[in-house]
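Here you go, sequence then predicted model.
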Amino acid sequence: MTNIPEALSYTKEHEWVAGLDEGSTVTVGITAHAADQLGDVVYVQVPEVGAAVSAGDVVGEVESTKSVSDIFCPVDGEVVETNPAVVDDPSLINSDPYGEGWLFRVRVEHEPEEVLTAAEYNAFISGGS
């Protein structure tokens, strides 16, 4: 089973969100499951700082040796920070998707409606829902 941290929230597009309960700025990344499915990540495009984003918007892309996948924003708000380390070394998404491989941070306008708990995400990727 893929490592699915309990403290995070998840989307059906395989993004994770940290900090929904901690305040107005959240951190976004892609899940270990998505990284495993992609294979070796070789390029990452993240949104621009200052960009207004809405839940469900395509805000970037991840390119691997297998395919190119869109990055969807899980929340409404404004991008306040991006991770230059993951742009310089996209393999961080494979080696540490929930740590050094984070993608961007968003100042949230309101809590998202369509996020999953770790158990719900595990059921989703296991084909349970």
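Perfect, thanks for sending it. What you see is a predicted model, and the numbers here were worked out from it, not measured in a lab.

Contacts only, for the nearest residue to residue 91 once chain neighbours are set aside.
Nearest residue to residue 91, sequence neighbours excluded (C-beta to C-beta, 6 or more residues apart in numbering): residue 41, at 6.1 Å. Heads up, the C-betas are built off the backbone N, CA and C, glycines and all. Contacts for residue 41 (C-beta atoms under 8 Å, 6 or more residues apart in numbering) come out as 35, 62-64, 90-91, 93-94.

before we move on, what about residue 64?
Contacts of residue 64 (C-beta under 8 Å, 6+ apart): 38-42.

Now, these that are in strands?
Among those, the ones falling in strands (DSSP state E) are 41-42.

got the contacts of residue 64 as a markdown table, with pLDDT columns?
Shown next, in a markdown table, are the contacts of residue 64 (pLDDT from 0 to 100):
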| residue | pLDDT |
| --- | --- |
| 38 | 93 |
| 39 | 94 |
| 40 | 96 |
| 41 | 97 |
| 42 | 97 |
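
Just the buried ones from the contacts of residue 64?
Buried members of the contacts of residue 64, counted by 16 or more other C-beta atoms under 10 Å: 38, 41.
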